[in-house]
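Asks: how would this look folded up:
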Amino acid sequence: MQNILEQIHDLSTKTIKSFNVLKDLGEIDIATTPKTEVYREDKLVLYRYDRDKEPVVKTPVLIVYALVNTYKMLDLQPDRSFIRNLLDLGLDIYLIDWGFPSKADRCLTMDDYVNGYINNCVDFIRAKHRIDKINIISVCQGGTLSLIYTALYPNKIKNLVTTVTPVDFSTNDGLLFRWSKDMDFDKLVEAFDGLIPGEFLNQGFDMLKPMMKIQKQQTLISSLDDKEKLLNFLRMERWISESPAQAGECFRQFMKDLYQQNKLVKGELVVGGKKVNLKNITCPLLNIYATEDHLVPPAATIPLNDLVGSTDKELYGFKGGHIGVFVGSKSQKELAPTVFKWLEKRDK
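Replies: Take a look at the predicted model:
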């Protein structure tokens, strides 16, 4: 009886504390590192992150994120921000914000993203700094697009960093890769009238690990009486909820040519009428993968180093998952310093 009374008392205390925590919560802010818009085209915005002093690495860096979700995961909160860490270490950082495609953008192709948007951003930075080549740090699908770009424009990229980037789509290590091989993407694009909803993609990602929903609920319950833990949880949920739709034509080619036919590895991919040959990539390459990644398994990333023409290339395995590689507590001490030191060594 005494044990039951103690449990009731503890629950009541936690409930009261939870109410006070929720009452005091303000706006859930993410991506708070100061930045300035320097270029705009259609939905795309190119930002440059503000600096108080001269960068240590003189060659500017362009961060190319995936079209899925938003770049804000890289700057989730001040103490868990890949971007802030890189900035503090001494990089001059630009970042592409792809924005939120609408029906008007449903016909955008990989050609538009690679030979159009990415190339225009690279040329803007080159012109502003009066240099021939810049550095790229790329993430997930943004890494795949950056590889295609660098293979087509090798004279514009000095150093290339790819993180959790799918390259060899023949693997069956991840459910996403298995499912994609049997899907009819033409019918899918048609069914959604050329614009794939972000919510639809998120539902698919949830199905890859269905138990994560239960784990998230448990995390929320256990965090209700701890403001900092609750804020951490809510920031991640806000980022997930801000999921852009996908331009159907780009989505169609990406899924059919890469996931289903593995054309990038085979040397058969054509973007904007140009064949993409990874051997054309001769700049230094840092290829980072996550050992526990269920979205982009190591088997999809590791082969890249044998496919490029670079002689200076490094493969780096980070112990963690697809998101944890950027927001985990361990990541704050490991990932950004590794990338910074690698770039600094090659800033000649």
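
Asks: Name the nearest residue to I63, sequence neighbours excluded.
Replies: Counting by CB to CB, 6 or more residues apart in numbering, I63 lies nearest to L95, which is 4.3 Å off, once chain neighbours are set aside. C-beta coordinates here come from the backbone N, C-alpha and C atoms, glycine included.

Asks: In which helix or strand does that neighbour reside?
Replies: strand 93-97 (DSSP states H and E).

Asks: so what does that strand touch, helix or strand wise?
Replies: Here strand 93-97 touches strand 44-49, strand 61-64, helix 82-89, helix 119-129, going by 3 or more CB pairs under 8 Å, 6 or more residues apart in numbering; DSSP states H and E.

Asks: Give me the number of neighbouring residues for the closest residue to K43 other than its chain neighbours.
Replies: Once flanking residues are discounted, K43 sits nearest to G99: 3.2 Å by CB to CB, 6+ apart. Neighbouring residues of G99 were enumerated by other CB atoms under 10 Å; the total is 15.

Asks: List the buried residues for stretch 46-62?
Replies: When neighbours are counted by 16 or more other CB atoms under 10 Å, the buried residues of stretch 46-62 are found to be 46-49, 55, 57, 59-62.

Asks: can you tell me which two in the residues you listed are farthest apart?
Replies: Comparing every pair within the buried residues of stretch 46-62 by CB to CB identifies L46 and V57 as the most remote, at 19.0 Å.

Asks: between the helices and strands packed on strand 93-97, which gets nearest to T311?
Replies: In this view, these are compared for proximity to T311 by CB to CB, and strand 61-64 is the closest at 21.9 Å.

Asks: Can you give me the pLDDT of the closest residue to I83 other than its chain neighbours?
Replies: Closest residue to I83 apart from its sequence neighbours, by CB to CB, 6+ apart: D75 at 4.5 Å. Among the per-residue scores, D75 holds a pLDDT of 94.

Asks: gap between D75 and I96?
Replies: 14 Å (CB to CB, to the nearest Å).

Asks: cool, P337 as well?
Replies: If you measure P337 against I96 using CB to CB, the figure is 24 Å.

Asks: So between these two, which is more surrounded?
Replies: Between P337 and I96, counting by other CB under 10 Å, I96 is the more crowded of the two (23 against 13).

Asks: Am I right that that one is in contact with Y65?
Replies: Yes. Counting by CB atoms under 8 Å, Y65 is a contact partner of I96 at 6.7 Å.

Asks: what is in contact with those two at once?
Replies: Overlap between the neighbourhoods of I96 and Y65 consists of Y71, taking contacts as CB atoms under 8 Å, 6 or more residues apart in numbering.

Asks: which residues of the stretch 1-150 of the chain fall in helices?
Replies: With DSSP state H, counting those that start in this stretch as the definition, the stretch 1-150 of the chain shows helices at residue ranges 2-24, 82-89, 110-111, 119-129, 141-152.

Asks: Give me the contact list for the second one.
Replies: By CB under 8 Å, 6+ apart, the list of residues contacting helix 82-89 from outside reads 33, 49, 51, 56, 61, 63, 74-75, 78, 93, 95, 137, 326-327, 331-332, 335-337, 339-340.

Asks: just to revisit the earlier point, tell me the contacts of the residue nearest to K43?
Replies: For G99, the contacting residues are 42-45, 244, by CB under 8 Å, 6+ apart.

Asks: worst average pLDDT in the helices of the stretch 1-150 of the chain?
Replies: By mean pLDDT, the lowest-scoring of the helices of the stretch 1-150 of the chain turns out to be helix 2-24, with a mean of 50.

Asks: Low-confidence bits of the stretch 201-348 of the chain, can you list those?
Replies: 204-227 (pLDDT under 70).

Asks: Please repeat the previous calculation with a cut-off of 50.
Replies: Low-confidence segments of the stretch 201-348 of the chain (pLDDT under 50): none present.
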